[in-house]
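# Structure for the following, please:
(chains A and B)
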Amino acid sequence: DVKVTQSSRYLVKRTGEKVFLECVQDMDHENMFWYRQDPGLGLRLIYFSYDVKMKEKGDIPEGYSVSREKKERFSLILESASTNQTSMYLCASSSPQRPGELFFGEGSRLTVL
Amino acid sequence: AQSVTQLDSHVSVSEGTPVLLRCNYSSSYSPSLFWYVQHPNKGLQLLLKYTSAATLVKGINGFEAEFKKSETSFHLTKPSAHMSDAAEYFCVVSSGGYNKLIFGAGTRLAVHP
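Residues are numbered from 1 along each chain as shown, chains lettered A, B, ... in the order given. Reported below is the predicted structural model:
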């Protein structure tokens, strides 16, 4: 069964803390994505990566950075967490041969106090 | 610019009755369109996609959608709702490059016995 695994389902952090969200996929996909999901806003793209060490900004990159050192792993980093970053974070992967067909992890719900 | 509007934030149906989830899109060229489903506490899963082949697209779990260019619509339907269909549904349009998907705000479907 193909899988995208997010390391933490639930996190509670304090304002100013550094936060790492990790995502691993086992499908050998070139493309990986980080989205943020908020009620009434759908999903918004934070960053995506189309190859190891390659990344592009999405629609809301401010306050976030990413790292992709290995093909299967894509990390989202909040350098200094703020309360407005309280949200559900979804990781996804896809193959360039099947554009638009994303495989999602189950999400990481982050609360920043 | 591409955009997508889901016309209903909540839809409630009785088990065994038809389901209609409405989606309108805006695109400056021939779009690719998708429907994704998210069950509670789960990631998103692809239901179906339209990529300029047949205008009536069949997906998983008995769902289908019809692409109507004249109406700029891509409504999702199912003849008979099942309790397991209760979930949130997202209409998605590709924004040129397939790596940039535009998600609608979502429609929450409730199915009553």
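# Give me the average confidence score over stretch B:7-16.
Averaged across stretch B:7-16, pLDDT comes to 97.
# and that stretch, which residues are buried?
Judged by neighbour count using 16 or more other CB atoms under 10 Å in any protein chain shown, the buried positions of stretch B:7-16 are B:11, B:13. (Glycine included, C-beta is placed from N, CA and C.)
# Of all the residues in stretch A:35-43, which ones are buried?
A:35-37, A:42-43.
# do the same with stretch A:5-25
In stretch A:5-25, residues buried by neighbour count (16+ other CB under 10 Å) are A:6, A:11, A:13, A:19, A:21-25.
# circling back to that earlier point, from the buried residues of stretch A:35-43, which is closest to A:P61?
Of all these, A:R36 has the smallest distance to A:P61: 10.5 Å, by CB to CB.
# Go ahead and confirm the closest one touches A:I60.
Yes: A:R36 is in contact with A:I60 according to CB atoms under 8 Å; the separation is 6.5 Å.
# Can you name the residues of chain A that neighbour chain B?
Counting by CB under 8 Å from any CB of the partner chain, the positions of chain A adjacent to chain B are A:4, A:31, A:33, A:35, A:40-45, A:48, A:50, A:56, A:58, A:90, A:92, A:94, A:99-102, A:104-107.
# list residues touching both of A:R36 and A:I60?
Common contacts of A:R36 and A:I60, defined by CB atoms under 8 Å, 6 or more residues apart in numbering or on different chains, comprise A:44, A:46.
# one step back: out of the residues of chain A next to chain B, which are inside helices?
Among the residues of chain A next to chain B, no residue falls in helices (DSSP state H).
# which residues touch residue 109?
Here I'm looking at chain A. Taking CB under 8 Å, 6+ apart as the contact definition, A:R109 lies against A:9-11, A:87-89.
# That was the other one, I meant chain B.
For B:L109, the contacting residues are B:11-13, B:19, B:21, B:81, B:85-89, taking CB under 8 Å, 6+ apart as the criterion.
# now it, which residues is it bridged with?
Taking DSSP bridges, one finds B:V11, B:A87 as the beta-bridge partners of B:L109.
# who's in contact with the residue nearest the centre of chain A?
Centrality entry for chain A: nearest residue to the mean C-alpha point is A:W34, 2.8 Å, by CA atoms, centre = their mean. By CB under 8 Å, 6+ apart, the contact list for A:W34 reads A:21, A:23, A:45-48, A:58, A:64, A:66, A:74, A:76, A:89-91.
# Can you add pLDDT and give those residues back as JSON lines?
Rendered in JSON lines, the data for these read as follows (pLDDT from 0 to 100):
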{"residue": "A:L21", "pLDDT": "97"}
{"residue": "A:C23", "pLDDT": "97"}
{"residue": "A:L45", "pLDDT": "94"}
{"residue": "A:I46", "pLDDT": "96"}
{"residue": "A:Y47", "pLDDT": "96"}
{"residue": "A:F48", "pLDDT": "93"}
{"residue": "A:G58", "pLDDT": "92"}
{"residue": "A:Y64", "pLDDT": "97"}
{"residue": "A:V66", "pLDDT": "97"}
{"residue": "A:F74", "pLDDT": "97"}
{"residue": "A:L76", "pLDDT": "97"}
{"residue": "A:Y89", "pLDDT": "97"}
{"residue": "A:L90", "pLDDT": "97"}
{"residue": "A:C91", "pLDDT": "97"}
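# Which one of the contacts of B:L109 is nearest to chain A?
B:E88 (9.7 Å; CB to the nearest CB).
# Now for chain B, the helix or strand with the poorest mean pLDDT.
Taking mean pLDDT, DSSP states H and E as the measure, the helix or strand of chain B with the lowest value is strand B:97-103, at a mean of 75.
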